[in-house]
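>>> When you get a sec, could you give me coordinates for this:
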Amino acid sequence: MDIQITALSKTYGSGRSAVRALRGVDLTIGEGMFGLLGPNGAGKTTLMRILAGLVNPTSGRVMVAGHDLSTERGKVAVKAMLGYLPQELGLYPELTARQFLDYMAILKGLDDVRTRRARVDRTLEMAGLADVADRRLKGFSGGMKRRVGIAQALLNDPRILIVDEPTAGLDPEERIRFRNLLVDLASDRIVILSTHIVEDICQTCRDMAVLDRGLVRFRGSPADLIARARGVVWQIRTENGHKPDGGLVVVSTLQLANGVRYRVVGRDASAHPGAEPAQPSLEDGYVWLMQAKDALPGGE
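Now for the predicted structure:
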């Protein structure tokens, strides 16, 4: 089972006010965790909404497990096998987790009471919410609410799970728990993780793409993106706190007792005495990719 995206474009509005959210996107996504990385406004949410059948593309084609999303029959077939957790999922704070999931299951067409209850219990267990199932949602933490969102997306036992910016705003401990949950779910299905948080991709995905301004800037494994930054990552220590210049991009800054240590990416750090080469990380690879993109005419 896979998802094939061919020459996919989406334009909102017309004339001078037109916004090109996607511009000829080509991707093939197979089973397991797939990371879609990019800055805010890159077009990630538009792509996720098209895959979920909520938005129609301006042009191009999407095939999901052999079903064409441009047809009504294809949309119906795909929705039956797909679970979607949007950036903002409206919850009813006065309902318990069990009540909310029961309500969502009814909306998804699970009319048989016995089947519905069994499905709700199963998804509560899968999302790690069984012990708080009868607590009201208004008392849930941000991470617990995200898990409720995952639970509702799993009610129809989907073969494809799409999660859009799922860890934004979570504390580090909740983020780790949520990432581990996604990895477990990806063992027997396609899970697409759309995010602007590099660490989430690094910790969960073996396959990924970088989307920016509606274009695919990179397609490959995290290791491939890291390799692109080999030889262009440096550590520079200064005593006066002046930021390194000369075309170098600062990735991180660490205050020391007697100065500042900068981690930078750039082709040549020889103008800075004491610059030491460093092993690249996925964040370095991402920053270098975006820096190289900006150096091209028109940012293309």
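>>> Contacts only, for the closest residue to residue 135 other than its chain neighbours.
In this structure, residue 135 finds its nearest non-sequential neighbour in residue 96, 6.0 Å apart by Cβ to Cβ, 6 or more residues apart in numbering. C-betas here are computed from N, CA, C, even on glycine. Residues in contact with residue 96 (Cβ atoms under 8 Å, 6 or more residues apart in numbering) are 133-137.
>>> got it, and residue 243?
250, 262.
>>> Assumed it was part of a helix.
No - counting by DSSP: H, G, I helix; E, B strand; the rest coil, residue 243 is located in no helix; its state is coil.
>>> Could you tell me the phi and psi values at it?
With angles defined as degrees, to the nearest 10, residue 243 sits at phi -70, psi 140.
>>> swap in residue 35?
Dihedral angles (degrees, to the nearest 10) for residue 35: phi -100, psi 130.
>>> Residue 193 is in contact with residue 202, isn't it?
No - using Cβ atoms under 8 Å, residue 193 is not in contact with residue 202; the gap is 11.3 Å.
>>> if you count what's nearby, which of the two comes out ahead?
residue 193 (26 against 19; other Cβ atoms under 10 Å).
>>> in the sheet, who's paired with that one?
Taking DSSP bridges as the rule, residue 193 bridges to residue 35, residue 163.
>>> from the chain's centre, how far out does the helix or strand harbouring residue 236 sit?
Assigned by DSSP states H and E, residue 236 belongs to strand 233-238. How far strand 233-238 lies from its chain's middle: 30 Å, per Cα atoms, centre = their mean, to the nearest Å.
>>> Parallel or antiparallel, list what pairs with that strand.
strand 259-265 (antiparallel), strand 276-277 (antiparallel).
>>> Let me have the ones you listed in a markdown table, extended by distance to residue 169.
A markdown table is the format used below for these (distance: least, Cβ to Cβ, whole Å):
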| stretch | distance to residue 169 |
| --- | --- |
| strand 259-265 | 26 |
| strand 276-277 | 36 |
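>>> Buried deepest among the ones you listed, which one?
strand 259-265 (a mean of 20; mean count of other Cβ atoms under 10 Å).
>>> Can you give the contact residues for that strand?
229, 232-241, 243-244, 248-254, 278, 284, 287-288, 291.
>>> among the residues you listed, which ones are buried?
Among the contacts of strand 259-265, those classed as buried by 16 or more other Cβ atoms under 10 Å are 229, 232-238, 244, 248-249, 251, 278, 284, 287-288, 291.
>>> Could you pull up the residues touching the residue sitting nearest the centre point of the chain?
Centroid-nearest residue in the chain: residue 194, 1.6 Å away (criterion: Cα atoms, centre = their mean). Applying Cβ under 8 Å, 6+ apart, we find residue 194 in contact with 36, 44-45, 47-48, 162-165.
>>> Let's see that with 6 Å instead.
36, 44, 48, 164 (Cβ atoms under 6 Å, 6 or more residues apart in numbering).
>>> start to end distance for stretch 88-105?
19 Å (Cα to Cα, to the nearest Å).
>>> Identify each buried residue in that stretch, please.
89, 91, 95-102, 104-105.
>>> how about JSON lines for the residues you listed, with secondary structure, distance to residue 76 and pLDDT added?
Shown next, in JSON lines, are the buried residues of stretch 88-105 (DSSP: H, G, I helix; E, B strand; the rest coil; distance: Cβ to Cβ, whole Å; pLDDT from 0 to 100):
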{"residue": "89", "secondary structure": "coil", "distance to residue 76": "23", "pLDDT": "79"}
{"residue": "91", "secondary structure": "coil", "distance to residue 76": "27", "pLDDT": "88"}
{"residue": "95", "secondary structure": "coil", "distance to residue 76": "29", "pLDDT": "96"}
{"residue": "96", "secondary structure": "strand", "distance to residue 76": "31", "pLDDT": "96"}
{"residue": "97", "secondary structure": "helix", "distance to residue 76": "29", "pLDDT": "96"}
{"residue": "98", "secondary structure": "helix", "distance to residue 76": "29", "pLDDT": "96"}
{"residue": "99", "secondary structure": "helix", "distance to residue 76": "28", "pLDDT": "96"}
{"residue": "100", "secondary structure": "helix", "distance to residue 76": "25", "pLDDT": "95"}
{"residue": "101", "secondary structure": "helix", "distance to residue 76": "23", "pLDDT": "95"}
{"residue": "102", "secondary structure": "helix", "distance to residue 76": "24", "pLDDT": "95"}
{"residue": "104", "secondary structure": "helix", "distance to residue 76": "19", "pLDDT": "92"}
{"residue": "105", "secondary structure": "helix", "distance to residue 76": "18", "pLDDT": "93"}
